[in-house]
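S.K.: Using only what follows, build the 3D model:
(4 chains)
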Number of protein chains: 2
Amino acid sequence: MICSHPPLKFLDVESGTLYKIGMTTKTIGATGLVFDPIRVERVSEKVAGQLRKLISDGSLKVGDRLPSERDLSEQMGVSRTSVREALQQLEMHGILETVHGGGSIIRNITEQEIRKPIERFIEQDKKRVLELAELRAFMEAWAAREAARNRTDQELETMRGYLEEMERDFEKGAIRYDVDFKYHTEIAAATHNTIYLHLIDNIYSLINYSVKVHREEVFVSRESQETILNHHRKIFRGILERNPENAETAMKEHLAFVVREFKRKFFDR
Amino acid sequence: MICSHPPLKFLDVESGTLYKIGMTTKTIGATGLVFDPIRVERVSEKVAGQLRKLISDGSLKVGDRLPSERDLSEQMGVSRTSVREALQQLEMHGILETVHGGGSIIRNITEQEIRKPIERFIEQDKKRVLELAELRAFMEAWAAREAARNRTDQELETMRGYLEEMERDFEKGAIRYDVDFKYHTEIAAATHNTIYLHLIDNIYSLINYSVKVHREEVFVSRESQETILNHHRKIFRGILERNPENAETAMKEHLAFVVREFKRKFFDR
DNA sequence: GTGGTAGAATGGTAGGACCATGTTATACGT
DNA sequence: ACGTATAACATGGTCCTACCATTCTACCAC
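M.R.: Model (predicted):
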């Protein structure tokens, strides 16, 4: 998922506080007075802070590629050195990953703590896959509700685009999984809850990880494809009309169907 | 404690492994073969590794000051840039501290808390705290529903125990936060969804971190304590009677109250 | 399609210059 | 002789330029 970033506005580094109060306090002499130590924030830290914020408020999503170091340094009015130091700080914290010659991409913040341990769980027991599906179902139901409540017109149009794409793909033969995925992701984004966005992203990839097969191979029949399309139409309508109840219900219906089909194929029942 | 470092021997950076094996694996094509991605070690990483080694084997003790960046770069035969990057990596990991104009000193690794990525992420914006609360609310509502459906008698008894403990604490003065926490955790366990259990545990710890104050300090009034207790009684009844709807409703009511109170205290509204 | 190749884009390293801050030595006044 | 103010130096912080190493991309030959 590569993207250019003309719309992103990188403020001048001078914006924001120049000095920052540390966390520890010291008592000086016998006066009993307590002072907070003053700590100058380095340029690289300001840059890192700004990038953090852009990630935090969702302007930069997981998988996005940052502008090049040269671009960043120019846009922010600082040296490439400072930008590099900032990127390195973020890389140390696992927030992004830089590849020699390839650029820097945003990583999932929840990955470190949540992903690794869970992967091991999943490998131990097939039952975990169903647990994941269960999780996904109720989380997305909430997302549909919140999206209906908070979505912007812009986001709605994006969803409409994906939906129409699915319609066309259906006419031509089969719905493509990646469009379906993007559709769900856009709903997640429309909740305007960044942490949820990262969380659900992780759950998706966990599902993909544990179920090595793509959905395309599960939902091949004409009927199931049509059912899914109908579900999506219904979800879209709920979000369009800003009707949380309907959106949630439709999503629940949809995922219940998906899980049912899934069970039928993989656990032969 | 300032000291010069003629005796320290800084090996040439070329010593040590040039290539390093990463952590993730990829499956290529349909062969099923698994390859480990190759990752080149950057110069700064080699420098950092050498310093790490010197610290771990005691050549550099806590409080010692490192040679200047210029000295290090000369002794190691690398640019000052690389040395600086290495020092920064170590500083990120809390291993040393650099002072503008003062040099870099070794810190005690055990004394400082190393902040996890998400924690820094959350600090970026107060809004994130509310997002966490939002997440928690709908996830726990689901948990209450599932617990009512799947709980064993054993788990119910454990909950009863915690509830009674809260009742006693309330009579004696105040509900203890850890009991409340254990109560919620037991509900999570009763869902019998292991992955959910881990997920919510993570979210709890994040909330505890971001909200530096314990709940005890937020819900001090007799009325709010009683309200909370009533909520818990209601939730318990729903789970006891295996009534998912009631349990979910009660939990929603409870967390809505908690979030409302929380907002009132911390965002003064 | 598959694979190779050249050019562009991008991150990595090097080195020099200068500024900001801390450290040390020196000169000064009492 | 002592403390203090000042100057000189040492050291980290930032910027700049240049060049190398790797990846990406488009194009071509097969």
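S.K.: what's the neighbour count on A:S56?
M.R.: If you count neighbours by other CB atoms under 10 Å in any protein chain shown, A:S56 ends up with 23. Bear in mind the C-beta positions are built from the backbone N, C-alpha and C, glycine included.
S.K.: Does it touch A:L197 like I think?
M.R.: No: the criterion here is CB atoms under 8 Å, and A:S56 misses it with A:L197 at 10.8 Å.
S.K.: Quick check: nearest residue in space to A:L197, chain neighbours excluded?
M.R.: Excluding its sequence neighbours, the residue lying closest to A:L197 (CB to CB, 6 or more residues apart in numbering or on different chains) is A:A188, at 5.2 Å.
S.K.: Just the residues contacting the host helix or strand of the one you found, thanks.
M.R.: In this assignment (DSSP states H and E), A:A188 forms part of helix A:177-190. Under the criterion CB atoms under 8 Å, 6 or more residues apart in numbering or on different chains, residues A:58, A:61, A:140, A:143-144, A:146-147, A:150-152, A:155-156, A:158-159, A:162-163, A:165-166, A:169, A:196-197, A:200-201, A:204, A:214-216, A:228, A:232, A:235, A:239 lie in contact with helix A:177-190.
S.K.: for stretch A:135-153, same thing?
M.R.: Outside of stretch A:135-153, the residues within contact range by CB under 8 Å, 6+ apart are A:155, A:184, A:187-188, A:190-193, A:196, A:199-200, A:203-204, A:207, A:235, A:238-239, A:241-248, A:250-252, A:255-256, A:259, B:138-139, B:142, B:193, B:195-196, B:199.
S.K.: send the alpha carbons of that stretch over as CSV?
M.R.: What follows is stretch A:135-153 as a C-alpha-only set of coordinates in CSV (Å, rounded to 0.1, in the frame of the first residue of the first chain):
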residue,chain,number,x,y,z
LEU,A,135,-13.9,-11.3,18.4
ARG,A,136,-13.9,-9.9,14.9
ALA,A,137,-17.7,-10.2,14.7
PHE,A,138,-18.6,-8.2,17.7
MET,A,139,-15.9,-5.7,17.2
GLU,A,140,-17.0,-5.0,13.7
ALA,A,141,-20.5,-4.8,14.7
TRP,A,142,-19.6,-2.0,17.1
ALA,A,143,-17.5,-0.4,14.3
ALA,A,144,-20.5,-0.4,12.0
ARG,A,145,-22.6,1.3,14.6
GLU,A,146,-19.9,3.9,15.3
ALA,A,147,-19.2,4.5,11.7
ALA,A,148,-22.9,5.2,11.1
ARG,A,149,-22.6,7.8,13.9
ASN,A,150,-19.3,9.4,13.1
ARG,A,151,-18.6,8.9,9.4
THR,A,152,-17.8,11.9,7.2
ASP,A,153,-19.2,12.4,3.7
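S.K.: elements contacting the helix or strand hosting A:R52?
M.R.: For A:R52, the host element (DSSP H and E) is helix A:43-56. The contact analysis (3 or more CB pairs under 8 Å, 6 or more residues apart in numbering or on different chains; DSSP states H and E) places helix A:43-56 against helix A:69-76, helix A:80-92, helix B:117-123.
S.K.: where in the stretch 101-250 of chain A is pLDDT low?
M.R.: A:111-126, A:209-220 (pLDDT under 70).
S.K.: Quick check, A:R237 in contact with A:H231.
M.R.: No: A:R237 lies out of contact with A:H231 (CB under 8 Å); the separation is 10.8 Å.
S.K.: Need the residues touching each of the two.
M.R.: Residues touching both A:R237 and A:H231 by CB under 8 Å, 6+ apart: A:A250.
S.K.: So the two - more neighbours on which side?
M.R.: More neighbours surround A:H231 than the other of A:R237 and A:H231, with 18 against 14 (other CB under 10 Å).
S.K.: show me what contacts the more buried one?
M.R.: A:H231 sits next to A:250, A:253-254, A:257 when contact means CB under 8 Å, 6+ apart.
S.K.: Next, the angle from the helix or strand hosting it to helix A:177-190.
M.R.: For A:H231, the host element (DSSP H and E) is helix A:222-240. Relative orientation of helix A:222-240 versus helix A:177-190 (axes from the mean of the first three to the mean of the last three CA atoms, to 10 degrees): 20 degrees.
S.K.: Quick check: residues of the stretch 51-200 of chain A near chain B?
M.R.: Counting by CB under 8 Å from any CB of the partner chain, the stretch 51-200 of chain A comes close to chain B at A:52-53, A:55-57, A:81, A:84-85, A:88-89, A:92-95, A:100, A:109-110, A:112-114, A:117-118, A:121, A:128, A:131-132, A:134-135, A:138-139, A:142, A:193-196, A:199.
S.K.: And those, which of them are buried?
M.R.: Among those, those classed as buried by 16 or more other CB atoms under 10 Å in any protein chain shown are A:52-53, A:55-56, A:84-85, A:88-89, A:93-95, A:109-110, A:113-114, A:118, A:121, A:128, A:131-132, A:134-135, A:138-139, A:142, A:193-196, A:199.
S.K.: now, which of those lie close to DNA strand C?
M.R.: A:R84 (CB under 7 Å from any atom of the strand).
S.K.: before we move on, back to that, could you list the buried residues of the helix or strand following the helix holding A:H231?
M.R.: The first helix or strand that comes after helix A:222-240 along the chain, using DSSP H and E, is helix A:244-266. By neighbour count with 16+ other CB under 10 Å, helix A:244-266 contains the buried residues A:244, A:246-255, A:257-258, A:261-262.
S.K.: what's the angle between helix A:244-266 and helix A:177-190?
M.R.: Here the directions of helix A:244-266 and helix A:177-190 differ by 150 degrees (the same axes, to 10 degrees).
S.K.: Show me what helix A:244-266 is in contact with.
M.R.: Contacts for helix A:244-266 (CB under 8 Å, 6+ apart): A:129-130, A:133-134, A:136-137, A:140-149, A:211, A:218-219, A:224, A:227-228, A:231-232, A:234-235, A:237-239, A:269.
S.K.: Residue numbers of the stretch 51-200 of chain A in contact with DNA strand C?
M.R.: Of all the residues in the stretch 51-200 of chain A, those lying near DNA strand C are A:66, A:68-71, A:80-81, A:84, A:87, A:98-104, going by CB under 7 Å from any atom of the strand.
S.K.: Swap in 6 Å and give it another go.
M.R.: The stretch 51-200 of chain A has residues A:68-70, A:98, A:100-101, A:103-104 near DNA strand C, with proximity defined as CB under 6 Å from any atom of the strand.
S.K.: just the residues you listed now: which is nearest A:S44?
M.R.: Nearest to A:S44 among these is A:E69, at 12.1 Å by CB to CB.
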